[in-house]
Structure formats: structure tokens, C-alpha cells
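J.: A predicted structure for the sequence below; I have some questions about it.
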Amino acid sequence: MKKLSELVFNNTYSALPKSFGTFIKPQPLDDPFLVSVNNRVSQMLELDPAQAHTQYFVDLFTGNDEHPAMAPLAMKYTGHQFGQYNPDLGDGRGLLMGEVLTSSGQKWDIHLKGSGLTPYSRQGDGRAVLRSSIREYLASAAMAGLGIKTTHALAVLSSNTPVFRETIERGATLIRVAESHLRFGHFEYLFYTQRHAELKQLADYLITHHFPDIDTQQDRTSRYSQMFSKIVSLTAEMIADWQAVGFAHGVMNTDNMSVLGLTFDYGPYGFLDDYEPDFICNHSDYSGRYAFNQQPSIALWNLSALGYALTPLLNKEQLDLALEQYQPILQQAYSRNMRNKLGLKKKLEEDTPLFSAMFDILKAQAVDYSRFFRTLSSIPHRELKTSSYLFENLLNDTAPLEVWLAMYSQRLKKESLADDDRLDLMRSSNPKFILRNYLAQQAIELAEKGDFSMIDQLLTVLQHPFEEHPEFDAFAKRPPEWGKKLEISCSS
Ligand code: AMP
Ligand code: MG
């Protein structure tokens with residue numbers, strides 16, 4: 001484990017042409033302090049977690065000190081926001097600080113969110129508040145714990161610098177760690193500004209650093225087709241994971257889409273409490289463009305926008321061929337995820353009505369999505385038909401569920417998996433703990449009073465959400481009514 005000063009950097013992005021971004025230093029926050037550090041992320045970087053408790057760490061990541069091997073840079077990108085092209089985007093309040101190289105050769109971007117004004121800040125203040133930084137910090141850990149590809153968050157720091165939102169809040173920073181911060185919008189920027197040579201350069205950069213199995217010696221058409229196909233399939237896999245776990249991103253603009261299929265940029269996201277397919281977590285999303293059940297089609301829309309930006313590299317047939325893979329990959333991955341949730345190894349024709357009947361019940365009675373599956377994961381086959389009483393606190397009327405449980409029990413007879421193994425599979429596919437909005441809210445309210453203990457407690461369960469953690473049973477309860485109605489806007 002290394003000290004902060006001993007980290008090795010290899011800043012590949014900042015070696016790209018000038019048009020890719022602007023070198024600029026973070027602006028200092030006043031009286032900074034550490035809120036929380038994620039030891040797992042620290043270990044990924046081979047950074048001694050104790051380093052986060054040093055003054056140097058706090059100063060470095062609040063703009064009050066420098067690291068000789070970091071070269072802070074605001075990345076330029078553009079993107080489609082709510083369907084409209086916006087040419088003025090870019091890191092408006094974040095900086096790519098540098099790329100850490102670990103002893104195994106893994107490269108990690110260190111990005112500082114909330115670091116102050118950049119040339120791409122537009123009307124913004126370049127800042128992030130404690131509330132939104134905690135939300136991103138916890139969500140990154142929750143997604144990683146669920147086994148869903150995501151950016152990570154090393155730490156949250158805060159300060160006495162006032163930041164004005166609906167009220168006066170504390171300025172904070174989040175240290176984001178990811179294999180890459182390349183977004184769909186990076187390609188869109190180079191396309192719409194007609195920088196076609198640089199567009200090709202960015203594609204080659206992505207292939208070299210992130211898709212090493214693509215042979216760079218082959219002709220450009222096959223190289224870039226493979227690159228785009230990979231982005232399509234990584235995106236489809238990510239969406240399949242979101243839909244199965246009940247995660248709504250909330251702002252799927254193309255500048256928030258990672259070319260590596262990482263869940264990227266946590267704003268007004270939400271995990272489903274009750275099963276409500278048209279759930280809109282973002283209260284600024286008036287049309288429901290980014291509703292939970294729209295995510296699969298929006299991701300395809302975004303991929304098409306990316307494909308359009310790649311037209312200088314690929315022709316329409318090649319793009320269409322890659323885009324046509326989206327639906328089947330998504331369907332296959334989603335079906336695998338959902339079968340795991342029900343402990344089914346085999347894929348049978350009759351599973352479609354089994355799943356639709358289940359979703360009908362979940363929807364009609366607004367059943368708590370995660371608790372339904374977790375409860376089901378505890379019931380031995382021989383007890384299934386008489387187990388509807390276990391769901392009494394989740395449903396008003398258990399009669400339809402009784403019919404379904406009988407159907408499910410019949411279906412299980414066609415499996416060769418031992419019942420204990422089925423239950424193991426289900427318990428490792430159905431989390432006991434998800435990051436419910438009201439839990440994040442409680443942790444934030446305490447943190448705003450200077451008590452960070454709940455953040456660390458949530459981190460413990462969210463990093464291992466499939467384990468029991470009986471001492472934290474309270475975090476696995478159904479949310480109180482007020483907790484389901486929290487309004488999360490884009491303001492962050
Ligand atoms: P987001 O909605 O967080 O994905 O941000 C969209 C764009 O707005 C990005 O270019 C951000 O960098 C920029 N942005 C968001 N908040 C701020 C802020 N407070 N100050 C400056 N730029 C911001
Ligand atoms: Mg963003």
C-alpha cells in the first residue's frame with residue numbers, strides 16, 4: 001500500500017490534442033475536512049486507506065495543495081440532453097486529476113467533482129454540495145456491491161465554503177475513480193465540430209487503452225465496427241443489470257453515458273421501492289423521458305446518437321449491424337438476471353407466463369420490489385405453496401400470489417438444481433439491502449449536522465448487500481410513506 005505521494009501516474013488523456021480539454025487547477029474550498037473514505041476503492045488504487053486521514057489528502061482533494069504527478073484537466077465533451085443537442089458541455093465542475101497506474105498495470109482515472117469553475121461551467125458555480133456528493137458516494141458503492149458496472153468513489157470531503165442552491169449548503173468534493181471518464185459525448189463533440197482526424201484519434205485511444213483484444217493492425221472498418229459493437233453490448237449488459245435490480249438513473253443524457261458501460265454520473269437516481277414500472281425518479285423530468293421502463297429504449301436512442309457521431313469512421317450498414325445486436329443482448333442478459341432471481345437455471349418456453357404473472361401481481365399491488373424477491377429467496381420448495389402468509393406485509397391480497405406460488409412450485413420441479421443451491425443462487429441474486437432514497441436522505445441529514453456515522457454504516461451493508469448483517473436489519477425494512485415521496489431534483 002502506497003502513500004499518496006508514492007502513487008504512480010500515467011496521464012494518457014492529457015497527452016491527447018489541446019482540443020480535448022483545458023488544463024486548469026481546482027479552486028480551494030475553505031476549512032476542508034474528510035467526510036468518508038471507501039477503503040475498498042483505496043485498495044483498488046493500492047493507496048493506503050490511512051492516507052485519507054492526512055492533511056495532505058484533504059488539502060489535495062479540495063484544491064488547497066498539489067501533487068507533482070497530477071495534471072488537472074477539464075475534459076471537453078458535448079451531448080444530447082433530454083433529446084436536444086447541447087454543444088456547450090464539458091467538465092463544468094470536475095477535473096480529471098490524473099491516471100493512476102497500479103503494479104498490475106491497471107489504470108484508474110482520478111476525477112475530482114466539485115472542484116470549481118472551468119471554461120465549461122456555463123452559468124454554474126463549479127461546485128458540488130455535500131448532499132449530492134454523499135448520494136453519488138453511496139450509490140457508487142451500492143452498485144459495485146450489487147456487481148453492477150459503475151464508476152467508484154474514493155472519498156467525500158466537505159468544507160465551510162457556502163454553496164447556493166435552493167438553500168445555502170456546504171461545498172464538497174467527491175473523488176471519482178473509474179477505468180475511464182470517456183462518454184458518448186466526447187465523440188459527439190469531435191463529430192459536431194468536424195474534427196474528424198481527432199475523432200479517429202479518440203477511437204484509437206479507446207481501443208488501445210480499453211479494448212485491448214481488438215487487433216489494431218486490422219483495417220479501420222473492422223476495428224471501429226468492433227469498437228462500436230463493444231459499446232453496444234456493454235451498454236445492453238448495463239441496462240439489463242439496472243432493470244433487474246430496479247435502478248433508475250434519472251438523467252440518461254448522452255454526456256452521462258460511459259463508453260465502457262459503467263453506470264455514470266449519479267444525480268437524481270432512485271432504486272425502486274414499490275414496483276412501479278413507470279417510476280420517474282427525477283422531479284425535473286416532466287415528460288417521463290427517463291422513467292424506469294424507458295431506460296432500455298433510451299439507451300438505444302443514445303447509442304444511435306453515438307453511432308451518428310461515428311459516421312466519419314463507419315458506414316450506415318456497419319452501424320446498423322452493431323445497433324441490431326442491442327435488443328438481443330439486452331434480452332438475453334435481462335432474462336439471465338431474472339432467472340437467477342427466481343433460482344431458475346433452465347430456460348423454458350413456459351417461463352414467459354410465469355414472469356408476466358409475477359410482474360402483474362407486483363404492479364397491481366405496488367409490491368416492494370426488493371423485499372418480494374428476498375422473501376422468496378428464503379422459502380424451501382416444499383413450503384412454497386403454503387408460504388403466502390410470509391408476504392402479508394407486502395401485499396393487500398395474497399390470493400393471486402397463492403396461484404402464482406403454485407405455478408412457481410410446479411416450474412421448480414423441472415429444475416435439476418438442489419433446493420439449497422437454488423436458495424443460495426437466489427440469495428446471491430436478490431439483495432437484502434438496496435440504497436433506498438430515504439436511507440440516503442437520513443444519512444445526509446445527519447452528515448449536515450456533522451455526524452457521518454450512518455454513511456459508514458450504509459457503506460458496510462451496501463458493499464455486501466447479499467449478506468444478512470442482522471445488526472443492520474433496520475436498513476432492510478420497507479420505507480416509511482414519507483420516504484417513498486421524497487423529491488429529488490437535478491439540483492446538485
Ligand atoms: P449533469 O446534469 O450533472 O450531468 O451536468 C451537465 C453539465 O452541466 C455538465 O457539463 C456539468 O459539468 C455541468 N454542471 C452541472 N452542475 C454544474 C455546476 N454547479 N457548475 C458548473 N457546471 C455544472
Ligand atoms: Mg453529467
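T.: Thanks, I have the structure now. Because the structure is predicted, anything quoted here is derived from the model rather than measured. Ligands and ions are numbered 1, 2, ... in the order given.
J.: Could I get the full set of strands for the stretch 51-200 of the chain?
T.: Secondary structure of the stretch 51-200 of the chain, counting by DSSP state E, counting those that start in this stretch: strands at 73-75, 79-81, 84-86, 94-101, 107-113, 128-129, 152-164, 168-178.
J.: Could I get the average pLDDT for the fifth one?
T.: Averaging pLDDT along strand 107-113 yields 98.
J.: what about that strand and ligand 2, touching?
T.: No. Applying C-beta under 5 Å from the ion, one finds strand 107-113 separated from ligand 2 by no less than 9.4 Å. To be clear about C-beta, it is placed using only N, CA and C from the backbone, and glycine gets the same treatment.
J.: So is that strand next to ligand 1?
T.: No. Strand 107-113 lies out of reach of ligand 1 by C-beta under 6 Å from any ligand atom, never closer than 8.7 Å.
J.: what helices or strands is that strand leaning on?
T.: strand 94-101, strand 168-178 (3 or more C-beta pairs under 8 Å, 6 or more residues apart in numbering; DSSP states H and E).
J.: just so I know, which of the ones you listed lies nearest Pro49?
T.: strand 168-178 (12.7 Å; C-beta to C-beta).
J.: contacting residues for the residue nearest the centre of the chain?
T.: The residue lying closest to the centre of the chain (C-alpha atoms, centre = their mean) is Thr263, at 2.8 Å. Thr263 sits next to Met143, Ile148, Lys149, Thr150, Thr151, Met238, Trp242, Phe247, His249 when contact means C-beta atoms under 8 Å, 6 or more residues apart in numbering.
J.: got the strands of the stretch 51-200 of the chain as a markdown table, with distance to Ser258 and mean neighbour count columns?
T.: Shown next, in a markdown table, are these (distance: least, C-beta to C-beta, whole Å; neighbours: other C-beta atoms under 10 Å):
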| stretch | distance to Ser258 | mean neighbour count |
| --- | --- | --- |
| strand 73-75 | 13 | 24 |
| strand 79-81 | 12 | 22 |
| strand 84-86 | 18 | 13 |
| strand 94-101 | 14 | 24 |
| strand 107-113 | 11 | 22 |
| strand 128-129 | 19 | 24 |
| strand 152-164 | 12 | 21 |
| strand 168-178 | 8 | 23 |
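J.: nearest to Tyr192, of those strands?
T.: With C-beta to C-beta as the yardstick, what comes closest out of the strands of the stretch 51-200 of the chain is strand 84-86 (7.1 Å).
J.: What residue spans form the domains of the chain?
T.: 4-178, 344-427 (automatic domain parsing).
J.: out of those, deepest packed?
T.: Sort these by mean neighbour count, taking mean count of other C-beta atoms under 10 Å, and domain 4-178 sits at the top with a mean of 20.
J.: ends of it, how far apart?
T.: 18 Å (C-alpha to C-alpha, to the nearest Å).
J.: quick check, nearest of the contacts of Thr263 to Val129?
T.: Closest to Val129, out of all of the contacts of Thr263 and judged by C-beta to C-beta, is Thr151, at 18.9 Å.
J.: Could you show which parts of the protein are in contact with ligand 2?
T.: Residues of the chain lying near ligand 2 (C-beta under 5 Å from the ion): Asn256, Asp265.
J.: quick one, longest helix in the chain?
T.: For the chain, the helix with the greatest residue count under DSSP state H is helix 220-245.
J.: For ligand 2, what's the nearest residue on the stretch 201-350 of the chain?
T.: Here the stretch 201-350 of the chain gets closest to ligand 2 at one residue, Asp265, 4.0 Å apart by C-beta to the ion.
J.: Could I get the contacting residues of the nearest residue to that residue once chain neighbours are set aside?
T.: Once flanking residues are discounted, Asp265 sits nearest to Asn256: 4.1 Å by C-beta to C-beta, 6 or more residues apart in numbering. Residues near Asn256 by C-beta under 8 Å, 6+ apart: Gly79, Arg183, His249, Phe264, Asp265, Gly267.
J.: Next, work out how far apart Asn256 and ligand 1 are.
T.: Distance, Asn256 to ligand 1, using C-beta to the nearest ligand atom, to the nearest Å: 5 Å.
J.: Test my guess that Lys200 contacts Pro312.
T.: Yes. Counting by C-beta atoms under 8 Å, Lys200 does reach Pro312; the two are 7.4 Å apart.
J.: Check for me that the residue of the stretch 201-350 of the chain closest to ligand 2 belongs to a helix.
T.: No. Asp265 is assigned coil when assessed by DSSP: H, G, I helix; E, B strand; the rest coil, not a helix.
J.: How much space separates it from ligand 1?
T.: 5 Å.
J.: How about Phe191?
T.: Taking C-beta to the nearest ligand atom, one finds Phe191 at 17 Å from ligand 1.
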